[in-house]
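**Q** how does the following fold in three dimensions:
(4 chains)
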Amino acid sequence: MQRVSQRPTYKTIVSVAAAVAIVAVILALGAQKNFGPQQYGQLVVAGLGAGAIYALIALGFVMVYTVTGIINFAQGAFVMLGAMIAATIYGDASSGDAVGLVIAAIIAILATTLVGVAVERLTIFPARNADTLTLIIITVGVYIAIQGVGLVVWGTSAKAFPAFTTLDITDGTLRFWGIVLKTQTLWIWGTTALVLALLTLFLGRTLTGKALRACSVNKEAARLMGISPTRMSVFAFGLAAGMGALAGIVLAPATRPIYDMGLKLGLKGFVAAAMGGLVSSPAAVVGGLLLGLTENVAAGVTKSGLKDVFAFIVLIAVLLRKRGIFAAGTDLERP
Amino acid sequence: MEPVITDSQPAPPLLVLSDLSMAFGGLVAVDRVTTRVADGQIKGLIGPNGAGKTTVFNLVTGIYPPSGGHVEFGGERLIGLEPHEIAARGITRTFQNVRLFAHMSVLENVMVGLHLQTRAGLLAAALRTRATRREEARIHADARDLLDEVGLAGRAGDRATDLPFGLQRTLEIARALAARPRLLLLDEPAAGLTAPERRRLGSLIRRIRDDGTTIVLVEHDMEFVMGLVDELLVLDHGSVIAEGTPAEIQSDASVIAAYLGAPER
Amino acid sequence: MIERQRTIGRRTTRWQALGVLAFALLLVASACGDDDDTTATTAAPATTATTAAPGTTAAPGTTAAPATTQAPVAEGTAYKIGFVSAATGGGSSLGLPERNTAEMLAAQWTDGIVGPDGVHHDLEVIILDSESNPDAGASAVSRLITEDEVDVLVAGTLSGNSLAMAPLAEEAEIAMISMASSRRIIEDADTGEARFWIFKTPQENGHNAAVQTDYLSALGVSTVCYLFENSGFGQDTLANGQKFFGDADIEIVYSDSFERGDTEFPQTTSIQSSGCEAVVVGAIPPVSALVTSALRDFVPNVPIVQGHGNCAFAFIELAPAAVEGVPLPCGRLMVADGLPDDDPQKNLLVQYVVDYTAFTNGEPVSTFGGHAWDALQWAYEGLASLEEGLGLDDRRAGVRDHIEANITNWPGTGGVFNITPDDHLGLGFDALTFVRVENGAFAYFPPEAW
Amino acid sequence: MAADSYRSDTGTTTAPAGNGKESAPRRATMAGVVVLVALVLAIGLLEAFQPGGVDVSSLTGGVITFDTTVRIGILTIVVVGLNLLMGYAGQVSLGQAAFFGLGAYSSAIFTTRAELVGIGSGLEGRWWWPWLVMVLGMALTGALAYAVGRPILRLRGHYLAMATLGLGVMVTIMFRENLGLQLDTKDITGGSDGIPGIPRLRVGTFEIWPIERYYYLVWFLAIVGILLALNVVRSRSGRALRALHSSELAAETVGVDTARFKVRALVVSAMYASIAGSLFAHFRVAVSPTPFDFLASLELVVMAAVGGMASVWGAPFGVAAILAIRELVRTRLDLVIGGAGGEQEAVAFGVLLVLVMIFMPEGVVVRVKEVARRWSR
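**A** Numbering: from 1, shown residues only, chains lettered A, B, ... in the order given. Below you'll find the model as predicted:
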C-alpha cells in the first residue's frame, strides 16, 4: 500500500546522493576507456538524438492513453507505415526532389491517419465496452496484422530514404569541438519541439483539443457536456497515427525503414511515455530524452548489449519513485 | 468540553486520538483532533461535508500515515502499522461507498472477513490437507452463522454486487464483524437506506454493541444518530468544535452555528 | 510447388470460414498499402511474386536442375523435401530469400525425379516458416518428420534455430541440411566430431575471419576494434575474429555490439579513445550499412573491414557513399559476372542470378538464397540417387549417405564443396574471396590489389 | 486493469450454493478433471496405436500435430500460473516469459555446463540430476520473483504492466548477454545461439522419450498443476487474492496482508513458469533467448485472455486455441487463401486475435459456459 511520504527533504538528499553516485560511476567507467569531454559530449548529443525519436513516438502513446485509457501497442506500426509509405512514394532516394519529399510525407501521414481511424472503427469501437487488458491485446493483434501487411507489401528489405538537408541518402554532418552531429538530428529535434508546441496549443486553445482533454478527465462528464467520447477516440487514434507516421518519416533517413521497425521503436516510445507518466506530453518528451540519454551513456561506458537493461532500470526506478516524472500517483486507489 | 463517560467506572478508553493531524499538500484535512472512545460505547462522528470525518477513519485504520499526532488503541500506538496489522489488532471498518468484493458470493465475502481467524498456508491449501479442510468447514459454518445473524442467510450464494444496496451495506458490516473486531468503524452506514432499513440497521448496531464491540460511526442523518449514540464528536474544517452527549450537542451554540444551523444538502 | 492434396476433415471447414472472414479484413487492411503502391514512381513491390501461386510466374529452370526428362519407365514413391526457413521475424532478411529460392526450385522441379533405375517419382517441397523462433522452428521440423514424413530436411536459417532442430533430425534419423553458419550445428562442440545426420551449406565465420586476417596483415595493422551485431551470427564472428586475429598477432583492443534498428552508435566514441588502427564489423544489412556510415562520420581515418554477412545488394543500396571502397570477404555469388570464365562456379552462379531475379520479379540476389540453393540441390541429388522400393527409413539414410559420399568437388553458390565424414560442410578458406564496393557494386578485390 | 474481466469460476454463479450444497462446485471440478484426464489419455493412446491410421494429426485435418499437444501441455502450466496472478490476484504481468526462460536456462545450464558455475560435473551423468535441477530452478526463480515482487507489486495497473515488461526484457537480455559476462571468458548462456545438447529426462535407465512418453509426463504435471491451482483458488489464500483484486483497501481492512499475498501469487506463478521452462528445455533439448522474449510474454497474456483469465480451466483452452490458430495459419492458410505464403500468416494471426478479443472478451471458457448455460435452460 503506497503511502504519502512525510519527509521530502530526506528524499531530496537521497536523490542527490544517487545522482552523484551515478555520475561518479559513469566517470569511473569512462576513465577506463580514456574518455574525455569530447567523448562525453558525443554520447550526450547522440543520446538526445535518439531520445527525441522516442519522445516523438511517445507523444502518440500519450495521445491515445489520455483520451481512451488504452496503451496502443499498434503505435509502432503507425511509425513503420509512415516511413515505409513515404519511402515507397518517394522512390529513388537520391533524386534530390524536395517537393516530392514533402508530397510523399503528406500522403504518408494522411494515409496512416486513415489507417489509424480505420483501426479505431474496426477494432477498438466494437470492443469499446471491454476491459483495458482486452483492448490492449486487441492493439497487439492490430500491430501484428499491420506488420504482416508491411511484410506482404514491402518484403524484408530495408528502404533507403533521403536526409532532409541533403536530399540524398548520405546525410550531412556538423562538427563542433570534435563532436559530430548529423543534420537529420536537427530535423528530429525540430520536429519533436514543433509537435509538442502544436499539441500543447491544440489541446489548450482549440475546442476539439479541450474536448479531448475533457474525455481524458472524465468520460461521463464529457458526454453530459455534449462531447462524444467515441468521436474523440477516433480523433485520438487518427491523430496518434498521424504523429506516428511523422515520427517514422523524420527518423527514416537515420534508420533505414524496414517492415518490423515498429516493434522496437514502439516499445521504446512506450517506455518513454511511461517514464513521463503516460498522461503528459511535456513529461513524455522529457521521458524520451532521458531514455535516449540513459541508453547512449550507459552503452558508451559499458557494453552496448546491456543498454536496454539500464533503460529499463531507469524506467522501473522512475515508476517506483513517482509513477512518472511529473505525475503523482494517478493509479492510487483512493478510499 | 470534557467528554462525558457514561459509565460511572473510569474504564480505560479503548481508542485515544491525540493531536491527530493530516495535511494533503497545503490542505489541512484533519487538524489536531484529540478524543477518546470508551470501551463499549457507540460514538458518533458528525460534521458538514469535508469536515474530515472519513479522513479520521482512514488515519485510524492506517490507510494514511498522519502528518502529526498519534493513535492509541488498547494502550498500543498504531502509527506506522499497515492497515491489515491494525485490523489484526481489532479495528475493522466499512466504507462510505460500499467496497464489497465484486464477483465473489455473499458467503465468500464474509469468509474473507474471517481471514484473520484462519491460518492455512498456501502449500497446505494447494495440497488440501486435512487441517485445511477442517478449517474450511469451520469458517464456512461461521460465515453462515454470521449471515444468519444479520439476516442474509438466504442469499449466501448470490453474487455480492447483485444484492440490493441496503443489503450490500449490511453485508459489508457482516464482513467487518467477521474479523471479530473490538472496535468497528462505520462510515455513513445509513446513507441511501430506506426508513425501515434504517430501523433494522439501528437495532443491528445496538446488538453488535451489546455483544461487546465498540462502535464509532460517521453519519449525516441526525435523527438516526441522536437516537443511537452514547456520545458525539463534531468536526468542522478538520477541527473538533464540540464533543458530548446528543443532548449536549443539540444545545451547543457553536454546533448550531456551524452545522445544524446551516441547511443540510 | 505441388499443391498438397490432403483431404480436409469436416472440422477444418469451420476454421476455413473463420479464415475467409479474416481474409476479408486483411483485404481491407492491405487495400491501403495497394493504393499507395499505385502512386509509387519507381519501387517495385514484391507482392506479385510472393502472393501468386508459385509455378505460374516462375521462369522455367533450364540448366540448374540436373534432372533429365526421359519418358518414365514406372511410377515410384513420391519424394518429399521438407524446408523450413525464417521467412518472418528477426531472421527474415535471410530467410525470405531462402524461401524464395525454395519456391523457385520447387517450380523448376515439377517434373519430379527419375531414379538411377529409371523409375519416376513425384517430388514435393513442403515449405514452412520458423518465424525466427527456435520453438516454432523445431515444431515445424517435427511436423515435417512425423506428419509429412519427408525424406530429407533443409532447415534452419539462424544458428539458434538450427541447434534446436538438429536433435529432432538426429532422433528421427533423417538428414538435415542447415542454412545457418555456426560450426556447432554440424560438430559436437566438445569433441569436435561431426554430427552424423547434420550438414550445412554456408561459409563460416571462421573462413571469414581467416580471410580478414590475411587482409589486415597485408595492411600491417596490429590493433583492431571489433563491432558486431548482437545476434548469434554477430557473436560468432567476434569469437572467430578473436581466434584467427590472435594467431596473426593482431589484437582486438575494443569490441562491442550494436543492434538491428539502432540509429545512434555510441560505440564510435570508444573506438576514438581506444586508438585502434582498423575497425572490423560483423553484421548483416541494414544495420551494417548504418554502422559503416557512422564510422565514416565519427572515425573517418580508421579503415573499415566488413564481413561476409553483407554479401547482399542491400548493403550498398542503404548507404552507397559510406560503403564505397569498403572491402569484405564474400562468396563468389556477388561477383559472378566478374569471375574468370574458367571458374568452376561461374556458370551456375550466373544462372542462379538470372533465375532468381526472374522468379522474384527483380529482387536482388543475396548470398542467403544461395545457401538454400546449395542445400536443396544436395537434397535433390540425394533423392535422385535412390532406387525404388526403399522404405522411409532407408530412403532417409540413403540421402544422407549419398550427400556424405558424393558431394565432392561439387561447385555450388557457396564454393566448391568437398564433404567428408569428418567435415559436413566441406569448404576451404578459398570459398570466400575478397570483394570491394566500387561504384555502387561489388567488385572482385584480389590479393594483388591490396 | 482487467477488473471487469473477472469472473468467479468457483461455482458461485453456476451452483445453487444457497442451501448447503457447497460440494457442487467441487463435484463439477472433479468432473472437469476426469474429462481432461480421459482426453489426455485418449489422445496419447490414439497416437501410440493409431487405430486404422487415425492419429491426432489426421483427426484435426493436419493442423494439430502430436508435437503441438506437448507444447500445449507445457504452456498450459505457465498459463495456469499466470491466471492465478492475473485473473485471480489481478496483478498484470507482461514479463512472464522471463520466468519461463529462467526455468529453461536453469535446466540447460545445470545439466550441460554445471562445472562452469562451480558444481562438480560428475552430477551431469546421474539420472536424478535433471529432476533435482528442476526443483532447484523453481526455487531460484521463486526466489527471484520474491526479491523483485516486493517493490514492483506496489505498482498498479498500467504501471505494474510496464515494470513487469521491463523486468522481462532485462532477463531476456541477460540470457543473450551471457549474464553480462564476456562470452570468451566464461560461456554460461551461450549468447544468442543458446545452449544445445540438453539431455532427455530419465528415470534410472528408462528414458522419458520418445515423445509419447514425454507427452504423458508433461500432461501429468499440467494436470497436477491445474489441481493444485484449483485447490488454492478455493482456499483462504485464493479468496484473499480475489478479494484484493476487487479492492485492495477493503481486503486490507479485514486483515489481508495484500502486499504479502500479491508477492505470493507472483512467486507461485513464477514457479509454475519455471517448471514449465525446465520441461521445455528437456523437450527441445536446446534453448536460446527468443522463446522467452517480450513477444513470448505477450503471447502468454493473449493465451490467458483467450482462455479466460479468471478461470483455471481457461489455461488449457487458451493455449490450445492460440497454438491451433498458429498451426492453422502456418500449414493450412494456402488452402483457405489460394497461394498465400508465410507472410500472410502473421496478418491472419493478428486479425484472428482481434476477432477473438472482440467477440469473446472474457475468454473462450467463460463464453462456452455461458452458451452451455443458455442451452441447458
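**Q** contacts for the helix-or-strand element of chain A with minimal mean pLDDT, please.
**A** Within chain A, no helix or strand scores below helix A:219-224, which has a mean of 75 by mean pLDDT, DSSP states H and E. With contact meaning CB atoms under 8 Å, 6 or more residues apart in numbering or on different chains, helix A:219-224 is reached by A:Ala211, A:Ala214, A:Cys215, A:Pro229, A:Met232. For the C-beta atoms, the positions are set from N, CA and C on the backbone; glycine is no exception.
**Q** and which of these is nearest to A:Asp97?
**A** Of all the contacts of helix A:219-224, A:Asp97 sits closest to A:Met232, with 37.9 Å by CB to CB.
**Q** specify the local secondary structure of that closest one.
**A** helix (DSSP: H, G, I helix; E, B strand; the rest coil).
**Q** so what's it up against?
**A** Contacts of A:Met232 (CB under 8 Å, 6+ apart): A:Val67, A:Ala211, A:Leu212, A:Cys215, A:Ala222.
**Q** grab the nearest non-local neighbour of it.
**A** Spatial nearest neighbour of A:Met232, excluding adjacent residues (CB to CB, 6 or more residues apart in numbering or on different chains): A:Cys215 at 4.5 Å.
**Q** the one you found and A:Val142, how far apart?
**A** Remark: distance between A:Cys215 and A:Val142 (CB to CB, to the nearest Å) = 21 Å.
**Q** tell me which element D:Arg71 is part of?
**A** helix D:66-82 (DSSP states H and E).
**Q** pull out the buried positions in that helix.
**A** Neighbour-count burial for helix D:66-82 flags D:66-82 (criterion: 16 or more other CB atoms under 10 Å in any protein chain shown).
**Q** which of those come close to chain C?
**A** Counting by CB under 8 Å from any CB of the partner chain, the subset of the buried residues of helix D:66-82 that neighbours chain C consists of D:Phe66, D:Asp67, D:Thr68, D:Arg71.
**Q** wait, the third one sits on D:Glu327?
**A** The reference is to D:Thr68. Yes - counting by CB atoms under 8 Å, D:Thr68 does reach D:Glu327; the two are 5.9 Å apart.
**Q** mutual contacts of those two, please.
**A** In contact with both D:Thr68 and D:Glu327: C:Ser139, using CB under 8 Å, 6+ apart.
**Q** can you list phi and psi of the residue in the stretch 51-200 of chain A positioned nearest to chain B for me?
**A** Closest to chain B within the stretch 51-200 of chain A is A:Asp131: 12.4 Å, counting by CB to the nearest CB. Main-chain torsions, A:Asp131, degrees, to the nearest 10: phi -80, psi 170.
**Q** how many other residues sit next to it?
**A** Neighbours of A:Asp131 under the rule other CB atoms under 10 Å in any protein chain shown: 18.
**Q** re earlier: among the contacts of helix A:219-224, who's most crowded?
**A** A:Cys215 (26 neighbours).
**Q** thought A:Arg231 was touching that residue, still the case?
**A** No - look at A:Cys215 against A:Arg231 with CB under 8 Å: they stay out of range, at 9.2 Å.
**Q** how much space between the residue nearest to C:Gly412 when sequence neighbours are not counted and chain A?
**A** Distances taken as CB to CB, 6+ apart put C:Asp374 closest to C:Gly412, at 3.8 Å, once the chain neighbours are dropped. C:Asp374 sits 21 Å away from chain A, going by CB to the nearest CB, to the nearest Å.
**Q** pLDDT value on the nearest residue to C:Asp117 once chain neighbours are set aside, please?
**A** Nearest non-adjacent residue to C:Asp117, counting by CB to CB, 6+ apart: C:Glu387, 5.1 Å away. Per-residue confidence at C:Glu387 stands at 91 (pLDDT).
**Q** now C:Glu387: which helix or strand?
**A** Counting by DSSP H and E, C:Glu387 is found in no helix or strand.
**Q** any low-confidence regions in the chain?
**A** All of this refers to chain A. For chain A, the stretches flagged by pLDDT under 70 are A:1-8, A:322-335.
**Q** my question was about chain D, not that one.
**A** Looking at chain D by pLDDT under 70, you get D:1-25, D:120-121, D:183-185, D:332-343, D:376-377.
**Q** the stretch 201-335 of chain A: helices as residue ranges?
**A** A:207-217, A:219-224, A:229-251, A:261-275, A:281-301, A:307-322 (DSSP state H, counting those that start in this stretch).
**Q** go on, chain D?
**A** D:23-49, D:56-59, D:66-82, D:96-112, D:129-152, D:157-176, D:211-233, D:236-246, D:248-253, D:258-284, D:294-307, D:314-336, D:342-359, D:364-376 (DSSP state H).
**Q** closest to B:Asn109 out of the ones you listed?
**A** Per CB to CB, nearest to B:Asn109 of the helices of chain D: helix D:236-246, 8.1 Å.
**Q** and for C:Thr191, the neighbour number?
**A** 7.
**Q** ignore the last one, C:Asn406
**A** Around C:Asn406 there are 14 residues (other CB under 10 Å).
**Q** what about the helices in the stretch 1-150 of chain B?
**A** B:53-60, B:83-88, B:106-113, B:122-127, B:130-150.
**Q** for chain A, see how far away the spatially closest residue to B:His237 that is not a sequence neighbour is.
**A** Spatial nearest neighbour of B:His237, excluding adjacent residues (CB to CB, 6+ apart): B:Ala51 at 6.5 Å. From B:Ala51 over to chain A the distance is 16 Å, taken as CB to the nearest CB.
**Q** could you pull up phi and psi at B:Ala51?
**A** phi -80, psi -10.
**Q** and it, how far is that from B:Val110?
**A** 32 Å.
**Q** and what of B:Arg159?
**A** Taking CB to CB, one finds B:Arg159 at 14 Å from B:Val110.
**Q** so how far is the helix holding D:Arg71 from its chain's centroid?
**A** In terms of CA atoms, centre = their mean, to the nearest Å, the gap separating the centre of helix D:66-82 from the centre of its chain is 6 Å.
**Q** again, but for stretch B:92-112
**A** 14 Å.
**Q** list the buried residues of it.
**A** B:92-95, B:98-112.
**Q** also stretch A:166-180?
**A** Applying 16+ other CB under 10 Å to stretch A:166-180 flags A:Thr166, A:Leu167, A:Asp168, A:Ile169, A:Thr170, A:Asp171, A:Thr173, A:Ile179, A:Val180 as buried.
**Q** and those, which is closest to A:Gly300?
**A** Nearest to A:Gly300 among those, with distances taken as CB to CB, is A:Ile179, at 13.0 Å.
**Q** and D:Ala273, how many residues sit next to it?
**A** Using other CB under 10 Å, D:Ala273 has 35 other residues around it.
**Q** quick one: the closest residue in space to it that isn't next to it in sequence from D:Met271, how far?
**A** Spatial nearest neighbour of D:Ala273, chain neighbours left out: D:Phe99 (3.6 Å); criterion: CB to CB, 6+ apart. Distance from D:Phe99 to D:Met271, counting by CB to CB: 8 Å.
**Q** over to whichever residue of the stretch 101-250 of chain C sits closest to chain A: give its phi and psi.
**A** Using CB to the nearest CB, C:Asn230 is the residue of the stretch 101-250 of chain C that sits closest to chain A, at 5.2 Å. Main-chain torsions, C:Asn230, degrees, to the nearest 10: phi -80, psi 80.
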